[in-house]
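Undergrad: return a 3D structure for these sequence lines:
(3 chains)
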Amino acid sequence: MGPKTTKLLRLLLLAAAILLPFVSNNYWLDVATLALFYVVLGQGLNIVVGFAGLLDLGYAAFFAVGAYTTGILMTVYGWSFWLTLPVAALLAAGFGVVIGAPTLRLRSDYLAIVTLGFGEIIRILAINLSITGSASGIYGIPRPAIGGYPFSSQKDFYFLMLIIACLVIAAVSRLGRSRIGRAWAYIREDEDAAEAMGIDRVRMKLLAYSIGAIIGSLAGCVFAVKMSAIAPLSFSFMQSIMILLAVVLGGLGSISGVALGAVLVIALPEMLRSAEEWRYLIFGAALILMMIYRPQGLWPAGQEQAADEREAAGDGAKSVPM
Amino acid sequence: MAILSVQNLTLRFGGVVAVSNLSFAVEAGTIASVIGPNGAGKTSVFNMITGFYQPSEGRIRLGDDDLVGRKPSEITRLGLARTFQNLRLFPNLSVLDNVKSGMHSRTRQGVWGAIFRTGRQRQEERLITETAEACIRFVGIEEYAGRAAKALPYGAQRKLEIARALATQPKVLLLDEPAAGLNYEEKEQLIRLIGEIRDSLGITVLIIEHDMGLIKRISDKVTVLDYGRKIAEGKPDEVLRDPRVIEAYLGREEA
Amino acid sequence: MNTLVQTLIDGLVIGAFYSLIALGYTMVFGIIKLLNFAHGDLYMLGAFIGYSLLSLVTGNGEGAAGLLGIAVVLLLTMTVVGVIGMGIERIAYRPLLLAPRLSILITAIGVSLILENGSMAIWGAQYQVYPLQLPQTGWSFGGAQLTYTQVAIIAISVLLMAGLQLFVRHSIYGKAMRAIALDQTASSLMGIDVHRVIALTFFIGAALAAGAGVMAGAYYGTINFMMGFIIGLKAFTAAVLGGIGNLPGAMVGGLLLGLIETAGTLVLGGSWKDVVAFSILIVILVCKPTGILGEKVTERM
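TA: Residues are numbered from 1 along each chain as shown, chains lettered A, B, ... in the order given. Next up, the predicted model:
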């Protein structure tokens, strides 16, 4: 895929995404909004798994932290939606550090199982605590508003999510191509060598884990006001696995790939309604087959990067022929 | 003046003493070597100096800084860079990206800078690229700059590892068997390269090596280890004539 | 006092299950450094295959299985699941042994999904009642109950663990396992059939988990396709508690976790049981990541 085709393809996709609400019925618009949530969650997890190479199996926990923070602050304390965002981000980063700091010093696969346990703890807490509304969750979460314009229709939330998804994509892709993003790649490739090059691996891993946590929690905040009711069921282990599948399917570390993966993970089951019972079985098989036969994913990071670099060179960025 | 000094260094793994009460110093602006038969504890010494192993006893100083107890990344930041005996490159990344890693500890740009592409961030990125390119040119592998590290010929990979270490802008460079696996011509290039590192960059070099010919030609001073102990030290010619050294390498006659 | 004794007894039984599963975790980790996420699901699979076999023997629980029948079912189930374990290694893990560690971890998640949802497709999503009536009688000391069943479970577990310990200590395969754990390349150069030994490790690990699964099914009375998920996590906790890669450590860790958890449930209430176990995991990782009996794990340079 050449750089021009990639750019064109992205523009076309964006145009299609903007036009979608005007041609789609509410049902498919809802599916598309959900897909956008997965795009955002997928990008967040992509930082952790794709960039830094750390397996996080409890990512839905951060989604839950965001959703419950917004839900509780808005319903119990009457906060404005926008004010709950920084609180949720801080909380998520805090949890990320508490879970990550002890674990990331150890073998990186310990993180996988600790995050799995963490995901379960958050879910069990949500079911058992009264402030989170126990098993029935929190309902009656008010709609947010901007300057007197309340978000209420399907379309409003679709566009809100579309904007957020674009911003997150831009931020994550810039991060990936910065000094920080390179440091993550070095750690992923060879931890000891990265450390020898002056990169503090624990600190950089913790940074990846916390930024992923913040993105997940912000998606959770919007999820809470969009659904207006949240329950522990939405934050199960399977949710974490679906997000992971989106990342793996699309391509670890690939921004476009993860977006594609997120759309596939949501859209395919909708199209294969008849195979509902087989859904997770198929997902499991997909994970194994991808890892064995196409570990780089459907839209690999390498291709994307090559295209971006040529594009950057064309933008007048300094490129010295050596 | 000694820029790097090791005092009474001891490393024990369980009951095994890998390095025993070792002391030596490296003068600034020189090329020093540590030699010894296989298993003499050379790489263990390197790993302690660079923070990958914690010494059981002893002190390590770089200039005015005490290195014991610090993380490897911190030690690199203080001005000590290393290569590995069995190449440890970032295999799937390009040569340029490999070398850029060295600049990590010399730059500061964080998350905000990256997301908002601030002016300072772009300036720093340019500096990183320029430094990395200069290091690549210095070791002479510019023809491979855009390729993935794993796609390079072996000799070029060795040079890439040196370029990457130079990009950290070290005061002292530690080379762990840099000539291993190189052919005659590549060894000659390496000898010239190490000389230039000392002479035109002014970086002090400490080498672990098996290849006596190479050691003889470039070292200002040689320290010989056997079973974790220092058995000889001095100018290469003298040391290599020392009967204890010959014995350590060739074995005792009665054995 | 009697609650304390009861806690001890119940904790020992649960601990025995944890130990048996933790052994498989620790063996596989020791030999190929893989956290086999699907391991807990082999326990579940054991429970279900044992369920089907027992249904055949007893005619859906109407007849009595008899001690011999139960023993045959237990051994048969362990063998079948052991073979499935080997199959999983062959199909899903072996192609990735040299790939980045992340790939094989993700694959393990895939295997877990397939085992869980495959079992659901075969046996259904609802709880199944185990077709076996075990005696509820036993001894009682001042209010605390120790049933024959509990004694039998503990006895079988001890037997299995002792057998494993003997096997690993004294057989040529055991030596090969320890050799591969130390250095895979060197072992293969010394003429050890590395793949065969790894396959055997998976067989033993899976068989032990399946044994625990059958016993747990009989003990608790109901089984479900998700029963392996949480217990897999806890068995991992047990393995870490004892020192991952260390066989006696897994046994001690399992028993200890069973006791702590039962005691924690007594104090905090049943809904906090899992939180107690995971908190232990995190505390251990912070304070003593090598576990109680573990040796130092330094990644080789």
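Undergrad: contacting residues around residue A:47?
TA: A:172, A:175, A:176, A:184, A:208, A:211, A:212, A:215 (CB atoms under 8 Å, 6 or more residues apart in numbering or on different chains). Backbone N, C-alpha and C define where each C-beta goes, glycine included.
Undergrad: all strands for chain C, in order.
TA: For chain C, strands defined by DSSP state E occupy the ranges C:128-129, C:138-141, C:144-147, C:222-223.
Undergrad: swap in the stretch 101-250 of chain A?
TA: For the stretch 101-250 of chain A, the strands defined by DSSP state E, counting those that start in this stretch cover A:138-139, A:145-146, A:149-150, A:229-230.
Undergrad: for the chain, what are the low-confidence residue spans?
TA: Assuming you mean chain A. A:1-2, A:303-322 (pLDDT under 70).
Undergrad: chain C was what I was after
TA: C:1, C:59-65, C:294-301.
Undergrad: and the longest helix for it?
TA: The single longest helix within chain C, with elements called by DSSP state H, is helix C:2-32.
Undergrad: centre of the chain versus the helix or strand of chain B with the lowest mean pLDDT, how much separation?
TA: Least confident helix or strand, chain B: helix B:243-250 with a mean of 81, by mean pLDDT, DSSP states H and E. Averaging C-alpha positions (CA atoms, centre = their mean, to the nearest Å) puts helix B:243-250 25 Å from its chain's average.
Undergrad: may I have it exported as CSV, CA atoms only?
TA: Extracted as CSV, the C-alpha positions of helix B:243-250 are listed here (Å, rounded to 0.1, in the frame of the first residue of the first chain):
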residue,chain,number,x,y,z
PRO,B,243,54.6,-16.7,32.8
ARG,B,244,51.4,-16.7,34.9
VAL,B,245,49.4,-15.3,32.0
ILE,B,246,50.8,-17.9,29.6
GLU,B,247,50.1,-20.6,32.2
ALA,B,248,46.5,-19.4,32.6
TYR,B,249,46.0,-19.5,28.8
LEU,B,250,47.9,-22.6,27.9
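Undergrad: the closest residue to residue C:33 other than its chain neighbours: what's it in contact with?
TA: Leaving aside its sequence neighbours, residue C:33 sits nearest to residue C:101 (CB to CB, 6 or more residues apart in numbering or on different chains; 7.5 Å). By CB under 8 Å, 6+ apart, the contact set of residue C:101 is A:108, A:109, C:33.
Undergrad: ok, of these, which come out buried?
TA: Those of those that meet the buried threshold are A:108, A:109, C:33, by 16 or more other CB atoms under 10 Å in any protein chain shown.
Undergrad: distance check, the last one against residue C:266.
TA: Plainly put, residue C:33 is 37 Å away from residue C:266 if you go by CB to CB, to the nearest Å.
Undergrad: same thing with the first one?
TA: Distance check for residue A:108 against residue C:266: by CB to CB, it reads 36 Å.
Undergrad: run through the bridge partners of whatever residue of the stretch 101-250 of chain B ends up closest to chain C.
TA: Residue nearest to chain C within the stretch 101-250 of chain B: residue B:176 (10.2 Å; CB to the nearest CB). Beta-bridge pairing for residue B:176 (DSSP bridges): residue B:208.
Undergrad: list the contacts of it.
TA: Residue B:176 sits in contact with B:43, B:46, B:82, B:83, B:84, B:85, B:208, where contact means CB under 8 Å, 6+ apart.
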